[in-house]
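> any chance you could fold what I've pasted below:
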Amino acid sequence: MTHKTVLLVEDEMFVALDIQMTLEDEGWEVSGPFATTREALEFLEANVVDCAILDVRLTDGEVFPVADLLTESGIPFVFHSGHANPAKLQQEYLQALVCQKPCHPTALVERLISSRVKGRAA
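Have a look, this model is predicted:
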């Protein structure tokens with residue numbers, strides 16, 4: 001099995017734990033969950049991930065500084081949000097995929113796998 005590390009940025013703890021358990025059941029190593037942009041950025045200063053799942057609205061604001069860093073680093077990610085405009089997100093972040101909340105964690109993992117493939121094709 002290929003070693004796969006995913007950054008999970010989600011401030012709703014029950015949602016985060018559900019996603020984390022699903023990812024781990026599928027063989028992923030989960031970094032997080034992080035409830036704030038600050039925590040995620042601090043983690044990324046010293047660590048590398050293969051891809052990420054990002055909730056848009058977090059405890060300390062919006063996740064866009066994390067999305068910008070991931071984009072600059074060429075790391076694929078999926079926005080997972082019930083509040084953001086999917087068309088606007090995909091216009092701003094061309095390589096990102098969007099998975100609207102609520103969604104089943106398995107569907108989110110499928111989008112994550114798609115983001116990794118899409119990220120490699122770019």
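> for this structure, which segments count as helices?
13-25, 37-46, 64-73, 86-92, 105-121 (DSSP state H).
> make a markdown table from those helices and add mean pLDDT to it.
Below are those laid out as a markdown table (pLDDT from 0 to 100):
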| stretch | mean pLDDT |
| --- | --- |
| helix 13-25 | 92 |
| helix 37-46 | 97 |
| helix 64-73 | 96 |
| helix 86-92 | 84 |
| helix 105-121 | 65 |
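> identify the residue spatially nearest to Leu112, adjacent ones excluded.
Spatially, and ignoring its direct neighbours in sequence, Leu112 is nearest to Val78 (5.3 Å; CB to CB, 6 or more residues apart in numbering). Placement of C-beta: from N, CA and C, glycine included.
> what is the burial count for that neighbour?
Counted by other CB atoms under 10 Å, the residues lying close to Val78 total 24.
> and what of Thr106?
Neighbours of Thr106 (other CB under 10 Å): 10.
> which of the helices of the chain sits closest to Ala52?
Smallest distance to Ala52 across the helices of the chain (CB to CB): 5.7 Å, for helix 64-73.
> next, the angle helix 37-46 makes with that closest one.
Angle, helix 64-73 to helix 37-46, by axes from the mean of the first three to the mean of the last three CA atoms, to 10 degrees: 20 degrees.
> quick one: buried residues of helix 64-73?
Within helix 64-73, the residues that qualify as buried are 64, 66-67, 69-71, counting by 16 or more other CB atoms under 10 Å.
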